[in-house]
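> how does the following fold in three dimensions:
(2 chains)
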Amino acid sequence: MATRTPAAHARGVLIGLLVLLLGMGGLLAFAVQDGRAQWAPLLALDLEGGTQMVLSPQVDGDAEIDEEQLQQAVEVIRQRVDGSGVTEAEITTQGGENVVVGLPGTPDAETRELIQASADMEFRPVLRVEQDMAFMEELLAEDEDLSEEEAEALEEQLGATEDEEQARPEDFEEPTAEPENGSDPNWITPEVAADFANFECSSEISLDDRAESSPDEPLVSCDPESGMKYLLGPVAVPGTNIEDSSFGMEQSGAGQSTGRWAVTINFDAEGTEAFSDTTTRLLGLEAPRNQFAIMLDGQVISAPTTQAAIVDGRPQITGDFSEDEARGLSEQLRYGSLPISFEIESEQQISATLGEEQLRLGLLAGIIGLVLVAGYALFQYRTLGLVTIVSLVVAGVMTWWAIALLGWSDGYRLSLAGIAGLIVSIGLTADSFIVYFERIKDELREGRSLPGAVEAGWSRARRTILASKAVNVIAAVVLYLVAVGNVRGFAFTLGLTAVIDVILVFLFTHPLMQLIARRKFFAAGKKFSGLSEKELGVDVLYRGSGRFARRGPSSTTETASQGAPAPALAGSSASSLPSSPLRPSARTPEHAREDRIQEVPEISESEWAQMTIAERRRARASAARQQDTDETEEER
Amino acid sequence: MAANFAKAGNQLYTGERAYPFIQRSNLWFILAAVLILASIAVPFFRGGFNLGIEFTGGSEFTVSQSENTDIAVGQDAVEEVSGQEATVTNVAPGTVRVQTEELSDTETLEVAEALQEGYGVSAEQVSSTFIGPVWGEQISEQMLLGLIIFVVLVALYMAFYFRTWTMSIAAMLGLGFVVIVTVGIYAATGFEVTPSAIIGFLTILSYALYDTMVVFDKIRENVDGLRSQLDQTFTERVNLAVNQTLVRSINTSVVGILPVGSILFIGSLLLGAGTLRDISLSLFVGIIVGTLATIFIQAPLYARMRRNDAEIKSHTTEVLTLREQRGVHAVTSSGMALDAAGQPTVFPPLPEPEPEVEMEDDDEYQVIIQAPHEH
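Numbers count the residues shown, from 1 in each chain, chains lettered A, B, ... in the order given. Model prediction:
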């Protein structure tokens, strides 16, 4: 870097930015080509039309809900909503407290209730199990992801069982007595038998299924994963008796890992007793009655076989689990200890018409805002205002692509509040340029040449821009983290644009200024350059000085011979010999001193502090000569 | 005019032209105190804020692009379904807003249907919102939490960045002013307070502190070299910094307000109440209050907190004594010397060297100068 001139450096940085932009565009183009993304950002429900509900969890008593349980509840809601046939539902937790459900269109009363209902977990003894043929066939037909081998295996299995007769109501014996315990076949009345025979497994959950599941009655249900249908006895242990659940590698008696995943349940005192009774009873029974089913939301999620009477309330379920399956089951079990229902805190139905109108007007507001800012920039900074405008346009493209990319990678959707954030950020982005331009002007007033002012102004503006942008970013992050409702979209765009703004000032505006500073039009301070001496009052400033050259087309280099030591430095604070009547010495010495310290090579701050005025002058003069020689070389 | 603006900027930069922001701080503080008291008193007299249904709970329907905007139609529709009275307002051309107390799910759907029939519009044109009574409470809690976290983080950040608590505290006190006065303006004007407006408030905080950062950075720069010169006092240097950044402050707030104003204009004129209008309204008020607060409250507060430091006090005394000796009887509030005719002029040379100033052969004298960075 030391060997490169600022202009060459600037070109390098601009090329870097171009590569970054093209990379973003290319990535997006690739994703669009692939059909997975679109050029325009995804729109949130308030712009696209649809329903958004904010749900707050309700728990009996004063139990606390942790993030994990809420996450699990979201999973349950997602399954239910997907199950009810609604596509493109967005369900997320917010602030660790709420669940936000976004649905296209208007949900019917049933979907609404499904979303709000609490999920129940219960353990029931198994009375009878059977493969549901219709479900399997459907699964086979629908599942396109199955590999050929898998499909063949399934078909084979299907063929093997097809010949076996499916249960018919008359196959079941009539109950002969009142059932004694949960595993008693006497639970199977002709009605229950008929239910079982006619039951069709489906992945859809309807409210009716849930309503039927009384804890004291037998129940017919199904495992939608395997397509097995179950006839189950009354609830043996309710999920509320679960204290905790964990998963890990199964340990053999000798403490060695068996390489299989196992899920462990911890029951509370009541659950321990109930589970102990159940397993003791189940252990003596024949298959499938030695199984118990773990049910969530009316569906069987697992039906382990009892291998021992568990009296310590810490049963372990093993099987052919993958790590994910073990984790999933463990989480579901933990959730079961705290059935959560939901209350609708707010519900918003936005018609597509209104959304479209709001989007249109929002964009219109943005364009008007942009035009006004552009106009003001031109008015205040003349041709230099163009730099602001071009920077804003590049910032706009970058933001647009970033949002589209985020929509693709993270499903980020632009909401109306998000659009407001984007528009507001136009002003905040333009401010970095204002800070920088004003600094350049300040440096020009100090008597620097334009290339010098662009550099010196930058080293000061950079610090201010970074420091103040950090405040914006802190605000955006805090807003985003605590946000409820549509605040998030707003916070997100504010934060994103603050970051993009910083990138642009560093990679675009500054190098662009470095290049511009070498154009005659600007360096000479022509009338509409925004840097004209007359407007800056520079010539007024310099009048009467006579000790250094005026800045002009060819004078940037002259400063060297005539102007070293620079005016401000000619008078020390002690002697107070100002360079100009309108240039109070009081204002300049330490500015200049600080500047020059940076520019005087090989002199440390402490050395500098110990030098005499005369020594300092000599050092400055030689540094100025050096610097201006450098600049002259650059000009060539 | 831009030329005049630039010229003014130049004069402000040198200190030739100066507004006594710091010197008149008593006046600003009295005005600020009055504004704060008024902002606290107004909500009492007006019976609180005009809270949106997010805080009171209830149902809201918006009929858009309707040719018929008769208010009675909406009232009848609600009356028919739930027997309640509804507040119906024509918020924008072709847009009617109907607000009721909380309705059940089915009632909400029924009212939506009745409105479609009444106004002769399609289901597409009716939007409904239902909000539970505790929703607003929850938003307020979260926002208060956000406010506290933000203020603490930024206070720490500023203290770290400026290496002093004084600036941080001055900034935060000024922030309190911004919040109270903006809220007061809301109460006084009866603007509706909605969650979107509250988002706006939080953004204002960010904006106000951002602005303060820029101005304080300039103050830091001017004050850092304070003891290395004997022409200007601490107060004058702080005032110079505020004046030097004045053009930037004006440009920034104009540039900030233009887009916000265009959202506000479009939002309230064409869309009626809603996210866009609520956010932009609070921002509009807040940007103005925030910019003014930096100049009139935060910078003077900082100067006042520091000016009695022993070091600064002795420096000020020294500067003022020297002025007597140098025959400077008038300076601008940014510390530029004025001649008898009131024209800006140069500070005359310092009087005879002090004992610590030694003569040197090829120069008049030598001064032991403090290292430029004292902190």
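> for the rest of this, base every contact and every neighbour count on C-alpha atoms.
OK.
> could you list the buried residues of the strand or helix carrying B:Gln116?
When elements are assigned from DSSP states H and E, B:Gln116 belongs to helix B:105-119. Judged by neighbour count using 16 or more other Cα atoms under 10 Å in any protein chain shown, the buried positions of helix B:105-119 are B:Thr108, B:Leu109, B:Glu110, B:Val111, B:Ala112, B:Glu113, B:Ala114, B:Leu115, B:Gln116, B:Gly118, B:Tyr119.
> residues touching it, excluding its own?
Residues outside helix B:105-119 that contact it (Cα atoms under 8 Å, 6 or more residues apart in numbering or on different chains): A:109, B:59, B:61, B:63, B:66-69, B:73-74, B:77-78, B:81-82, B:122-123, B:125-128, B:130.
> filter these to the buried ones?
Buried, going by 16+ other Cα under 10 Å: B:59, B:61, B:63, B:66, B:69, B:73-74, B:77-78, B:81-82, B:122-123, B:125-128, B:130, out of the contacts of helix B:105-119.
> go through stretch B:232-245 and flag the buried ones.
By 16+ other Cα under 10 Å, the buried positions in stretch B:232-245 come out as B:232-245.
> before we move on, what about stretch B:298-308?
Under the neighbour-count criterion of 16+ other Cα under 10 Å, stretch B:298-308 has B:Gln298, B:Ala299, B:Pro300, B:Leu301, B:Tyr302, B:Ala303, B:Arg304, B:Arg306, B:Arg307 buried.
> so which of those belong to helices?
Assigned to helices by DSSP state H, the following of the buried residues of stretch B:298-308 qualify: B:Ala299, B:Pro300, B:Leu301, B:Tyr302, B:Ala303, B:Arg304, B:Arg306.
> OK, contacts around the third one?
B:Leu301 sits next to B:Ser25, B:Ala170 when contact means Cα under 8 Å, 6+ apart.
> which stretches in chain B count as strands?
Taking DSSP state E as the test, the strands found in chain B are B:50-51, B:58-63, B:87-92, B:95-100, B:126-131, B:192-193, B:330-331, B:337-338, B:358-360, B:363-366.
> hang on, I meant the stretch 151-300 of chain A
With strands called from DSSP state E, counting those that start in this stretch, the stretch 151-300 of chain A shows them at A:219-223, A:228-232, A:237-238, A:242-251, A:257-267, A:292-296, A:299-302.
> what's the biggest helix in chain B, counting residues?
If you go by DSSP H, chain B has its longest helix at helix B:195-224.
> okay, angle between that one and helix B:299-306 too, please.
Here the directions of helix B:195-224 and helix B:299-306 differ by 50 degrees (axes from the mean of the first three to the mean of the last three Cα atoms, to 10 degrees).
> check which helices and strands helix B:195-224 sits against.
helix A:450-482, helix B:135-162, helix B:165-189, helix B:234-244, helix B:275-293 (3 or more Cα pairs under 8 Å, 6 or more residues apart in numbering or on different chains; DSSP states H and E).
> if you set the cut-off to 6 Å instead, what comes out?
Judged by 3 or more Cα pairs under 6 Å, 6 or more residues apart in numbering or on different chains; DSSP states H and E, helix B:195-224 is in contact with helix A:450-482, helix B:234-244, helix B:275-293.
> for the second one, name the packing helices and strands.
Counting contacts by 3+ Cα pairs under 6 Å, 6+ apart, helix B:234-244 packs against helix B:2-14, helix B:195-224.
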